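> Quick one, fold the following:
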Amino acid sequence: MSTRTATEQRLRDLALLRHVRDRIDRDYAQPLDVPALAAAVGMSAGHLSRQFRAAYGEPPYSYLMTRRIERAMTLLRRGDLTVTEACFAVGCSSLGTFSTRFTELVGVSPSTYRRDGAEPTAGMPPCIVKRITRPIRNREALPSGPV
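Down below sits the predicted model:
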């Protein structure tokens, strides 16, 4: 394969990966799975996962869960939904999985975040709130308590 052909293929793959990422961003609350996302762009699930991780630093399922947790954080800060309602509103079907992933990314449980999350951001512009409350990916949440 020539360098030009390899470069063209890489650019085509990146465009397909953007389509997958855009679909996750848009349809995060819908039932999505890696095999269906891969089939939609003509890739195998394994190839999509490897290419997505190489391009965005995490596999598609982790990216989807991060998007769901991000949206759940917003819903929980509003305070008008329970943790269970927020879990299902963002497309999660298991409260246990949702709570575990939420705690991994945010550093506190969803119920603690719901109780305490709105207070520190009161009065801030939404663009700033979004930036400072973005979940930490790849298990980088700081442990609570002394280190």
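> Now stretch 16-27: average pLDDT?
The pLDDT scores in stretch 16-27 average 96.
> Please, which helix or strand holds the nearest residue to residue 44 once chain neighbours are set aside?
Leaving aside its chain neighbours, residue 44 sits nearest to residue 38 (6.0 Å; criterion: CB to CB, 6 or more residues apart in numbering). To be clear about C-beta, it is placed using only N, CA and C from the backbone, and glycine gets the same treatment. Assessed by DSSP states H and E, residue 38 sits inside helix 34-40.
> So which elements touch the helix or strand that that helix is followed by?
Per DSSP H and E, the first helix or strand lying C-terminal to helix 34-40 is helix 45-56. In terms of contacts (3 or more CB pairs under 8 Å, 6 or more residues apart in numbering; DSSP states H and E), helix 45-56 is packed against helix 3-27, helix 34-40, helix 60-78.
> Compute the distance between residue 112 and residue 93, please.
The gap separating residue 112 from residue 93 is 22 Å, by CB to CB, to the nearest Å.
> The two: who's more crowded?
The neighbour comparison of residue 112 against residue 93 (other CB atoms under 10 Å) goes to residue 112, with 16 against 9.
> Could you look up the SS state of residue 31?
coil (DSSP: H, G, I helix; E, B strand; the rest coil).
> residues contacting it?
For residue 31, the contact set (CB atoms under 8 Å, 6 or more residues apart in numbering) comprises 91, 93.
> And this protein, what are its domain boundaries?
As assigned by automatic domain parsing, the chain contains the domains 3-61, 62-132.
> Deepest-packed of these, please.
The highest mean neighbour count among those, using mean count of other CB atoms under 10 Å, belongs to domain 62-132: a mean of 16.
> As CSV, the helices and strands packed on helix 45-56 with distance to residue 107 would be great.
Shown next, in CSV, are the helices and strands packed on helix 45-56 (distance: least, CB to CB, whole Å):
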stretch, distance to residue 107
helix 3-27, 23
helix 34-40, 27
helix 60-78, 11
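> what's the closest of those to residue 105?
helix 60-78 (5.1 Å; CB to CB).
> show me what contacts residue 52?
Contacts of residue 52 by CB under 8 Å, 6+ apart are 17, 20-21, 58-60, 63.
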